[in-house]
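K.L.:
Make a model of this:
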Amino acid sequence: MVESDSIAHYEGTAGYLLFTTESAIFPFVKFEEQLSEINDYCVYLLTCLNAKVMEFEPFDIDEDDWDAPISREYHKLLSWKFLYQDINKCTLLSLLLAFFESTLNEITNWFSDEAGKTAEWKKVRNPKVSDYIAQIGKCCEVDLQCELTNELIYYDSVRKIRNQFVHNEWSQITDRYQKFVLADVINMISHVIMKVEQKALSSGLIG
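P.N.:
As a prediction, this is how the structure comes out:
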C-alpha cells in the first residue's frame with residue numbers, strides 16, 4: 001500500500017492508500033495499475049474544476065445592488081461549484097464503484113476456478129458485493145465477510161448514494177458533497193483488494 005498525494009487529499013481525510021500488489025501476480029498487477037490510473041484521472045478532473053471555480057472572485061454584494069454582469073458571473077460560479085462539488089463527485093464515485101465491482105467479479109470467477117468451486121458459484125444469480133466477498137472467502141477458507149465488515153458497511157453507504165445519482169434522483173444531489181469523501185472510497189477499495197490478495201497467498205490458492 002502506498003500513500004497517494006492528491007488535491008488536498010480529495011478534500012477529505014488526511015491521506016489515503018492506493019493498492020500495490022504483494023504477489024506481483026496477474027491480474028493483481030493489472031488492478032494496481034488500473035486503480036492508479038483512475039486515481040490520476042480523479043485528481044486531474046478535480047484539479048481542473050477547482051481551478052475553474054477559483055477563477056471567480058468572492059461575491060459579497062447585496063443582491064439588490066447587483067448589476068446584470070455581476071449577476072451573470074455569480075450564476076456561473078454557482079454552476080461550476082455544482083459541477084465540481086456534486087455532479088463530478090458523484091460521477092467519479094460511479095466510476096470507482098464500477099471498477100470495484102468488476103474487479104471483485106473477476107477475482108471471484110478466477111478463485112472459484114482455482115478452488116474447484118465454479119459450479120457452486122454459478123448458482124448465485126445477480127451477485128452483490130457481499131456475495132463476491134463470501135465466495136472469495138470460501139475459496140480461501142476464511143470468513144472474509146467478517147474481516148471486511150467495516151469496508152462492507154462503508155461500501156453499502158456510498159452504493160446508495162451512487163444508485164440515487166444514476167437513477168436520476170436529481171432533487172437529492174445537492175449537498176451530497178458533504179456525505180462522502182472520494183479518498184475514503186479509494187481507501188476502501190484498496191483495503192479490500194489487499195486483504196483478498198493476502199488471504200489468497202496465505203491459503204496457498206495463489207502464489
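K.L.:
In stretch 26-37, which residues are buried?
P.N.:
Of the residues in stretch 26-37, those with enough neighbours to count as buried (16 or more other CB atoms under 10 Å) are 28, 31, 32, 35. Just so you know, the C-beta spots here come from the backbone N, C-alpha and C atoms, and that holds for glycine as well.
K.L.:
Residue 21 and residue 115, how far apart?
P.N.:
The spacing between residue 21 and residue 115, counted by CB to CB, to the nearest Å, is 20 Å.
K.L.:
do you know how far residue 162 is from residue 180?
P.N.:
Taken as CB to CB, the spacing of residue 162 relative to residue 180 amounts to 9 Å.
K.L.:
Overlap in contacts, those two.
P.N.:
Counting by CB atoms under 8 Å, 6 or more residues apart in numbering, the common neighbours of residue 162 and residue 180 are residue 93.
K.L.:
Pull the number of nearby residues for residue 111.
P.N.:
Here the number of neighbours of residue 111 (other CB atoms under 10 Å) works out to 25.
K.L.:
ditto for residue 54
P.N.:
The burial count for residue 54: 9, using other CB under 10 Å.
K.L.:
for it, what are its contacts?
P.N.:
By CB under 8 Å, 6+ apart, the contact set of residue 54 is empty.
K.L.:
what separates it from residue 90, distance-wise?
P.N.:
If you measure residue 54 against residue 90 using CB to CB, the figure is 21 Å.
K.L.:
Please apply the same query to residue 142.
P.N.:
34 Å.
K.L.:
just residue 78 next, same as before
P.N.:
Using CB to CB, one gets 17 Å for the distance from residue 78 to residue 90.
K.L.:
Repeat that for residue 104.
P.N.:
Using CB to CB, one gets 21 Å for the distance from residue 104 to residue 90.
K.L.:
what do you get for residue 199?
P.N.:
Using CB to CB, we find residue 199 at a distance of 32 Å from residue 90.
K.L.:
if we can go back for a sec, out of the buried residues of stretch 26-37, name the ones that lie in helices.
P.N.:
With helices defined by DSSP state H, the entries of the buried residues of stretch 26-37 inside them are 28, 31, 32, 35.
K.L.:
now the residues you listed in CSV, with pLDDT and distance to residue 132?
P.N.:
Listed next are these as CSV, based on pLDDT from 0 to 100; distance: CB to CB, whole Å:
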residue, pLDDT, distance to residue 132
28, 97, 16
31, 97, 14
32, 95, 19
35, 95, 17
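K.L.:
what's the closest of the residues you listed to residue 127?
P.N.:
Comparing those against residue 127 with CB to CB places residue 31 closest, at 18.6 Å.
K.L.:
Can you verify my assumption that that closest one contacts residue 20?
P.N.:
No - taking CB atoms under 8 Å as the contact criterion, residue 31 and residue 20 are not neighbours in contact, 10.0 Å apart.
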